[in-house]
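> Have a look; sequence and predicted model below, questions after that.
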Amino acid sequence: MPCVLDVRPAVEESCQVGTGATPEDSDQGAEPSGGPPDTMSAAAAAPPGVLPRPAPDADTAAGVLARVRRVSTWLGPWHDAIVAVHDAAVAVTAGAAHQPGAGAGQGAAPVGTSPALDNAIAGANQLASQWCPTAAAYWLMGDNGDSVLSAVGPHAELLAIALTKTDLAWPHVKVPHHPAGGSADWPQNASETADVAAAVVAALEEASRHAALLLLVQRAARARVGGRIDVTAALAEWELPAEDTSKLLAWLVQEPPEFDGHPVPLVVDTPTGSLYRTASDTWEKAYTTTAALWGTILALALVIAVFALLRAAHVTTWPADWFPKLVVLYLCVVGGAAAHLASKALANISFDDPLTIYAASSGLDWLRLRWLSILRLLIPIVVVTGSLWGAGNIPTQFQDIGVAVLSGFSADSLFRNSIARLSSTKS
């Protein structure tokens, strides 16, 4: 375990300025708000020298992820403050290099020669005094790091380690026993200041990657079955480059995440940079796997209900044997649509790769992830079936069956063109 698990005595004395080092989240399972957790009341209630401890359920996955989310709200401000120091230091160095009489051995201008750099350092120091990264690391891991690892896996510990690295590289006021060590003062040389700031930024970006992975997994776990999480788009929320997408996806593939000892129900799609929520319990697996079956039955029931209402209003009439004929018509349209889908798949057959293996489990996952898409395919089928039945195309001979099949084959085109025509019609 990292050193952040044993830093409570030292953190009690550091980064204090009225906020406390290990704040307690009053609601570990709720969505935390931005800003440092306020623990003055909790600290006042604790015995002298003892920091407030997390709630009993704080080391469940929900509790740990609530703390990760709170820490993540500080990663952005920390990052922006250090980037401001870096940019100001680079500007000072560039200005000094162009000063008249600047010789080869004179070095860069001192920090104090730039008001912008002074202000940037003052802003970074104030942020560190409010809540330093080591204090955040301890608050994240609590007194029992093993329970945190059991709740959400190793990336919480890796996040804590990255926060400790950040604190070690970040010069700010620290007591002698500050667990992260490091310097209390920024270098007097602007070039060295830029190098130190770059090291802090790198550590913060490492912390952001681990926080982003945990929060993306949580987002995927909360999505509906088949819900897609665009990893590249989500990384922008943590100001991480799109290039980090492959790294996060590789982490998830190498070590599938678990929350509270249970695998998180998600599928990693590396080519598209996406996470998909898959079925987790028996009920979800049942209704997503059989969506095509019960959706087809419901669609037929909808057609019957509409024409039953029209018949009751004496708008249309049915033959005496209407039910089997309507079922035949509906199945022919469905068969035509299925033939259209199959023709698209068969068009991809190649003798260059004739022995592709299709795993049965992958087929089930395919159905479960696309259950809503399958239900959506039934919409044009219902429309075409209703149109044929309403137009009197009741199957009485083989020719009628052929018309129904061909109508089903082109049902998607007919439906799409109808919608396009309606949407382009001006009143």
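Yes, it's here. No experiment lies behind these values; they were computed from the predicted model shown.
> residues in contact with the helix or strand hosting Leu302?
Here Leu302, judged by DSSP states H and E, is contained in helix 291-312. If you take CB atoms under 8 Å, 6 or more residues apart in numbering as the criterion, helix 291-312 is touched by 287, 316-318, 326-327, 330, 334, 367, 371-372, 374-375, 378, 381-382, 385-386, 389-390. C-beta: built from backbone N, CA, C; applies to glycine.
> now the strands: where do they sit in this protein?
228-230, 258-259, 262-263, 266-269, 274-277 (DSSP state E).
> what's the most buried one of those strands?
Among those, strand 274-277 has the highest mean neighbour count (mean count of other CB atoms under 10 Å), at a mean of 22.
> Strand partners (parallel or antiparallel) of that one?
Strand pairing for strand 274-277, determined by DSSP bridges: strand 228-230 (antiparallel), strand 266-269 (antiparallel).
> and those as TSV, adding mean pLDDT and distance to Ala291?
Shown next, in TSV, are these (pLDDT from 0 to 100; distance: least, CB to CB, whole Å):
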stretch	mean pLDDT	distance to Ala291
strand 228-230	88	17
strand 266-269	86	17
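> Report the residue spans of the stretch 301-427 of the chain with pLDDT below the cut-off.
Judged by pLDDT under 70, the stretch 301-427 of the chain has its weakly predicted residues at 344-363, 412-427.
> what about the helices in it?
Here the stretch 301-427 of the chain has its helices, by DSSP state H, counting those that start in this stretch, at 322-346, 360-369, 371-390, 398-409, 411-424.
> sorry, back to before: Serialize the strands paired with strand 274-277 to CSV and add fields for distance to Arg70.
As requested, these are exported to CSV (distance: least, CB to CB, whole Å):
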stretch, distance to Arg70
strand 228-230, 21
strand 266-269, 23
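> Identify whichever of these lies nearest to Ala198.
For those, proximity to Ala198 was assessed by CB to CB; strand 228-230 is nearest, at 29.6 Å.
> rewinding a little: with Ser246 as the reference, name the closest of the helices of the stretch 301-427 of the chain.
helix 360-369 (21.5 Å).
> picking up where we left off before, let's see the ChimeraX selection covering just the buried ones among the contacts of helix 291-312.
In ChimeraX, a selection of the buried entries from these looks like this (16 or more other CB atoms under 10 Å):
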select :326,330,334,367,371,374,375,378,381,382,385,386,389
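> who touches the residue nearest to Ala136 when sequence neighbours are not counted in this structure?
The shortest distance from Ala136 to any non-neighbouring residue, by CB to CB, 6 or more residues apart in numbering, is to Val71 (5.0 Å). Applying CB under 8 Å, 6+ apart to Val71 gives the contacts Ala136, Trp139, Leu140, Leu159, Leu163, Ala211.
> how about 10 Å then?
The contact partners of Val71, by CB atoms under 10 Å, 6 or more residues apart in numbering, come to 32, 37, 78, 131, 133, 136-137, 139-140, 156, 159-160, 163, 207, 211.
> Please determine how far the closest residue to Leu252 other than its chain neighbours is located from Asp281.
Excluding its sequence neighbours, the residue lying closest to Leu252 (CB to CB, 6+ apart) is Val268, at 5.0 Å. Counting by CB to CB, to the nearest Å, the gap from Val268 to Asp281 is 20 Å.
> what does Leu375 give?
Using CB to CB, one gets 20 Å for the distance from Leu375 to Asp281.
> try Lys165
With CB to CB as the criterion, Lys165 and Asp281 are 40 Å apart.
> Run through the stretch 151-300 of the chain and note the low-pLDDT ranges.
Residue ranges of the stretch 151-300 of the chain with pLDDT under 70: 175-181.
> Which parts of it are helices?
Shown for the stretch 151-300 of the chain, the helices assigned by DSSP H, counting those that start in this stretch span residues 155-169, 190-222, 231-235, 244-254, 282-289, 291-312.
> Out of those, which one sits most buried?
helix 155-169 (a mean of 25).
> How much space separates the residue nearest to Ala136 from Leu214?
Taking CB to CB as the measure, Val71 falls 10 Å from Leu214.
> Pull up the overlap in contacts between the two.
Jointly contacting Val71 and Leu214 under the rule CB under 10 Å, 6+ apart are Ala156, Leu159.
> related to what we said a few turns ago, ok, the residue nearest to Ala136 to Gln188 distance?
Taken as CB to CB, the span from Val71 to Gln188 is 32 Å.
> now Trp131
27 Å.
> and what of Pro256?
Using CB to CB, Pro256 is found at 49 Å from Gln188.
> For the nearest residue to Ser147 once chain neighbours are set aside, which residues are in contact?
Spatial nearest neighbour of Ser147, chain neighbours left out: Asp59 (3.8 Å); criterion: CB to CB, 6+ apart. Residues near Asp59 by CB under 10 Å, 6+ apart: 28, 67, 141-152, 260.
> how about 8 Å then?
Taking CB under 8 Å, 6+ apart as the contact definition, Asp59 lies against Gly142, Asn144, Ser147, Val148, Ser150, Ala151.
> Narrow those residues to those that are buried.
Buried by 16+ other CB under 10 Å: Gly142, Ser147, Val148, Ser150, Ala151, out of the contacts of Asp59.
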